[in-house]
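Undergrad: Fold the following.
(one chain, ligands or ions: 1)
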Amino acid sequence: MKKTLAFVALFATSLFAADTPDLTMQNRIRQEGFRNSKVMDTAEELMDFVGPRLTGSPNMKRANEWTRDKLTSFGLSNAHLESWGPFGRGWSYEECTVRMTSPDVAQLWALPRAWTPGTNGVISGKPVRVKIETVEDIEKYRGKLAGKIVLNGDVREIKPHEKLQYTRYTEKELNDTENYELPGRPRFTREEVAKRNAFRKALTKFLADEKPLVMIDPDPADYGTFHVQGAGTQKDGEQYPVPSIVMSTEQYNRLARLTDQGKDVTLEVNVKTTYYDQDKNAYNTVAEIPGTDKKGEIVMLGGHLDSWTVVAMEAVRILKAIGIAPKRTIRIALWSGEEEGLLGSHGYVSEHFASRPEPTAAERDIPAAMRRNPGPLTIKPEHAKLSAYFNLDNGTGKVRGIYAQDNFAVAPIFAAWIEPLKDLGVTTVTERNTGGTDHLSFDGVGLPGFQFIQDEVEYGERTHHTNYDVYDRLQRDDLMQAAVVMATFVWEAANRPEMMPRKPLAKSDLPAAPTTPAAAH
Ligand SMILES: [Zn+2]
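TA: Residues are numbered from 1 along each chain as shown. Prediction:
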């Protein structure tokens, strides 16, 4: 039995012998990445100095410019900002103060929803409590909310956090990931999404007619963690009609209980926000390490301009610092617009590699992954030149492996590359797909786009899309490891003899066969 297995293993190895990991280079990458890391310096500047960076905001523009200059200082070539087309109005907030002045005096924690207007100075009054969750709810409150401070939502019972806030993958979990998983069904149906969109539109219309002073919702998180997101749209003439803020759940509950008990509650609210209409474009930051004998071919890496974007920056810094001369050109892209629907990477891929017809207005309201295919791809010449794109976007956690994204031909190549990375905890190549981030923009047009498997650490519980996505929650050792792994993957891909193998395109994606003059006759 053992003999057979050994034979099979030997056979498999010889079949995929093409990729022998470059240990000399892996040595040099480790030396630079572990002995001379700059990843935390980069993070400190981006997070402390530039600060939070909503797409389209002045801070995002600063982040684009700062990352461009930083990549230039690392020695990369052709660092530049590349517009991915109009995004809409920029927005920032300067103040959000909420105080209870009766029956007790208390400073409350609250944050404005992105793209919502301010209060135009301090407003005060007695709050009214409502619960608007459906189109039917709206009618109950018509004519009752004008000029009011509105608390929207019931008191939410808060349970202790039974789930561990800090987790790393166990060996068993990683092994399980290696089993192929048939594609699942989407979490929501298109009908459910359409219904939710209709409610959102009806609510916006209602608020525009009704004109309450301010809407206050409880945050879905607790413990002072905020998951505040946006409201309304960035389009001209579609500004959200009223100031809309989210309050720390425990404090919201206190206000809601006092109001429900008929106590004499008075609130003071001051929200100051600013819209920016001068430049409606949004940008990605792009830079390169030029290739040598295959310089027309490209290996890309990146992430969107969140906190862990510093891993991709550190990976190219390492490669540049050790003085590599890769066969292929290495190109880093730092995307904006990821949280709003992978917009920056999608725009880049459409511009450079392949595009689809624009979705209809009705389809645009449906999340990209659930839309009906609007038609075949228009494939551009650069499509043939991109070997692979490597993305990192799942928090501060170190890399434990990689998703092959249903591409069976790359799995043995990745398996060979990670053989010398096992002592760093990188053990797993899974055929599985993973979604939710910018590699999908590449995968969606038939290009090899990959995302790493990363330890959770506190991602789901605490740091992802929260006010605690800050410098102090970044874990230095994890980021150093991730940068070394990313640099290794990029180097191996840039220097192997062949481009990375691709999945076949779906028939519906293929351009219609051109009618040749001969065929026309
Ligand atoms: Zn992210």
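Undergrad: C-alpha from now on. contacts and neighbour counts both.
TA: Will do.
Undergrad: Please enumerate the strands of the stretch 351-500 of the chain.
TA: Under the criterion DSSP state E, counting those that start in this stretch, the stretch 351-500 of the chain contains strands at 354-355, 378-379, 386-391, 399-403, 428-430, 449-454.
Undergrad: now the angle between strand 386-391 and the helix or strand hosting I298, please.
TA: In this assignment (DSSP states H and E), I298 forms part of strand 294-304. With axes from the mean of the first three to the mean of the last three C-alpha atoms, to 10 degrees applied, the angle from strand 294-304 to strand 386-391 works out at 20 degrees.
Undergrad: quick one on the thing from earlier: need the strands of the stretch 351-500 of the chain in JSON lines (columns: mean pLDDT and mean neighbour count).
TA: Converted to JSON lines, these look like this (pLDDT from 0 to 100; neighbours: other C-alpha atoms under 10 Å):
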{"stretch": "strand 354-355", "mean pLDDT": "94", "mean neighbour count": "22"}
{"stretch": "strand 378-379", "mean pLDDT": "94", "mean neighbour count": "17"}
{"stretch": "strand 386-391", "mean pLDDT": "98", "mean neighbour count": "24"}
{"stretch": "strand 399-403", "mean pLDDT": "97", "mean neighbour count": "25"}
{"stretch": "strand 428-430", "mean pLDDT": "96", "mean neighbour count": "26"}
{"stretch": "strand 449-454", "mean pLDDT": "97", "mean neighbour count": "25"}
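Undergrad: Partner strands of the strand holding I298, with direction?
TA: Here strand 294-304 has these sheet partners by DSSP bridges: strand 328-335 (parallel), strand 386-391 (parallel).
Undergrad: got a list of contacts for the longest one?
TA: Around strand 328-335, the neighbours that count as contacts under C-alpha atoms under 8 Å, 6 or more residues apart in numbering are 283-305, 309, 312-313, 316, 344-345, 490, 494-495.
Undergrad: okay, the strands of the stretch 351-500 of the chain in CSV with distance to K201 next?
TA: Putting the strands of the stretch 351-500 of the chain into CSV (distance: least, C-alpha to C-alpha, whole Å) gives the following:
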stretch, distance to K201
strand 354-355, 29
strand 378-379, 33
strand 386-391, 34
strand 399-403, 37
strand 428-430, 41
strand 449-454, 34
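Undergrad: so which of those strands comes closest to P52?
TA: strand 386-391 (20.7 Å; C-alpha to C-alpha).
Undergrad: Okay, angle between the closest one and strand 399-403 too, please.
TA: Interaxial angle of strand 386-391 relative to strand 399-403 (the same axes, to 10 degrees): 140 degrees.
Undergrad: next one: strand 386-391 to chain centre, how far?
TA: 17 Å (C-alpha atoms, centre = their mean, to the nearest Å).
Undergrad: thinking again about what came up before, can you give me the buried ones in the strand holding I298?
TA: 294-295, 297-304 (16 or more other C-alpha atoms under 10 Å).
Undergrad: One more: stretch 414-431?
TA: For stretch 414-431, burial by neighbour count (16+ other C-alpha under 10 Å) applies to 414-418, 420-421, 424, 426-431.
Undergrad: Farthest-apart pair in these, please.
TA: Farthest pair in the buried residues of stretch 414-431 (C-alpha to C-alpha) is L424 and E431. Separation: 21.0 Å.
Undergrad: Can you show me the CA trace of the top strand by length along the chain as CSV?
TA: Across the chain, the longest stretch assigned as strand under DSSP state E is strand 90-102. Written as CSV, here are the backbone C-alpha positions of strand 90-102 (Å, rounded to 0.1, in the frame of the first residue of the first chain):
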residue,chain,number,x,y,z
GLY,A,90,-16.5,63.4,-2.0
TRP,A,91,-17.5,63.6,1.6
SER,A,92,-15.9,64.1,5.0
TYR,A,93,-17.1,64.8,8.5
GLU,A,94,-15.5,67.2,10.9
GLU,A,95,-17.7,66.9,14.0
CYS,A,96,-20.3,64.6,15.5
THR,A,97,-21.3,65.6,19.0
VAL,A,98,-24.3,64.1,20.7
ARG,A,99,-25.2,65.0,24.3
MET,A,100,-28.0,64.1,26.6
THR,A,101,-28.8,67.2,28.7
SER,A,102,-31.8,65.8,30.6
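Undergrad: which neighbours does it have in its sheet, and in what orientation?
TA: When DSSP bridges is applied, strand 90-102 pairs with strand 106-108 (antiparallel), strand 266-276 (antiparallel).
Undergrad: Quick check: mean pLDDT of stretch 70-82?
TA: For stretch 70-82, the mean per-residue pLDDT is 98.
Undergrad: Give me the pLDDT for the residue nearest to I332 when sequence neighbours are not counted.
TA: Spatial nearest neighbour of I332, chain neighbours left out: L301 (5.0 Å); criterion: C-alpha to C-alpha, 6 or more residues apart in numbering. L301 is assigned 98 on the pLDDT scale.
Undergrad: these two touch, right, L301 and N391?
TA: Yes. L301 is in contact with N391 according to C-alpha atoms under 8 Å; the separation is 5.8 Å.
Undergrad: follow-up on the earlier one: from the buried residues of stretch 414-431, which single one is nearest V155?
TA: T430 (42.9 Å).
Undergrad: which strand residues sit across from the closest one in the sheet?
TA: According to DSSP bridges, beta-bridge pairing links T430 with Y403.
Undergrad: where's it relative to Q481, distance?
TA: The gap separating T430 from Q481 is 20 Å, by C-alpha to C-alpha, to the nearest Å.
Undergrad: repeat for H346
TA: With C-alpha to C-alpha as the criterion, H346 and Q481 are 28 Å apart.
Undergrad: do the same with F74
TA: For F74, the distance to Q481 - C-alpha to C-alpha - is 19 Å.
Undergrad: Where does pLDDT dip in the stretch 301-450 of the chain?
TA: Applying pLDDT under 70 to the stretch 301-450 of the chain flags no residue at all.
Undergrad: Do a quick rundown of the helices in it.
TA: 309-321, 343-352, 361-364, 411-418, 439-443 (DSSP state H, counting those that start in this stretch).
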